[in-house]
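> Return a 3D structure for these sequence lines:
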Amino acid sequence: METGRDGVGDRLLTFEVGGAAYALPIADVAEVAEIPAIAGIPTIPARVGGVVNHHGDALPVVRREVLFATRGERLEEPRHLLVLARDPDDPEALGFPVDRVLGLVEGAGGVARSADAVVERRPIDGRVVSVLDTQQLLRRAVEAIERSVIGPEPVHGGEE
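Reported below is the predicted structural model:
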């Protein structure tokens, strides 16, 4: 079996958000933690994200509703926080809450060909799981934060 970063074999961490199952390469997950209280940041709307105390450091967190198609339904309280490294050579990380972690399965990730970050959908343990491109997911999270801070592009009309 081939190994990924840090000698970890090709395995996927499966998790659930809003009743849908997803997976990420375990090599991209720095930590799975219990969900701490998310504090607000004055420059970022609470609907987008916040920050948590993670081993004494401030860890930016992006809410599930920003990254996943939750169809507007009321989500259960998240049980876990996935901590993802933005870059293998960069210690900065980003967290996002998930409803619950399902476990590890054999398999490899890949590169998404669309903006939704889905590499492929495959059957795992009797359900369809969307395997995600970690770097694409992180890009989407950073873009959501930046959009919320910068705001929408101004519309320039004919009025002067």
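> only C-alpha atoms for contact and neighbour calcs from this point on.
OK.
> Name the helix or strand for the residue positioned nearest the centre of the chain, please.
In the chain, the C-alpha closest to the average C-alpha coordinate belongs to Phe96, at a distance of 5.1 Å (Cα atoms, centre = their mean). Assigning secondary structure by DSSP states H and E places Phe96 in strand 90-98.
> Skip ahead from that strand and say which helix or strand is next.
strand 100-106.
> what ranges do the strands span in the chain?
Listed from the start of the chain, the chain has strands (DSSP state E) covering 11-17, 20-25, 29-34, 49-54, 57-62, 80-87, 90-98, 100-106, 118-124, 127-132.
> Tell me the strands beside the last one, with direction?
Paired strands of strand 127-132, with direction, are strand 20-25 (parallel), strand 118-124 (antiparallel) (DSSP bridges).
> residue contacts, Ala115?
Gln136 (Cα atoms under 8 Å, 6 or more residues apart in numbering).
> Would you confirm that Asp133 contacts Arg113?
No: using Cα atoms under 8 Å as the test, Asp133 is too far from Arg113 to be in contact (9.3 Å).
> Which one's more surrounded, these two?
For Asp133 and Arg113, the more surrounded residue by other Cα atoms under 10 Å is Asp133, and the numbers stand at 23 against 12.
> next one: phi and psi at that one?
Recorded main-chain torsions at Asp133 are phi -90, psi 110, according to degrees, to the nearest 10.
> okay, the strands paired with strand 127-132, which one's buried deepest?
Here the criterion is mean neighbour count by mean count of other Cα atoms under 10 Å, and of those the winner is strand 20-25, at a mean of 23.
> Show me what the longest helix that the chain contains is packed up against.
Within the chain, and with DSSP state H defining each element, the longest helix by residue count is helix 134-150. Using 3 or more Cα pairs under 8 Å, 6 or more residues apart in numbering; DSSP states H and E, the elements in contact with helix 134-150 are helix 64-67.
> average pLDDT for the helix it packs on?
For helix 64-67, mean pLDDT rounds to 86.
> any idea how far that helix is from the chain center?
Put simply, helix 64-67 sits 8 Å off its chain's centre (Cα atoms, centre = their mean, to the nearest Å).
> Ok, stretch 75-84 next?
Taking Cα atoms, centre = their mean, the mean C-alpha location of stretch 75-84 is offset from the chain mean by 10 Å.
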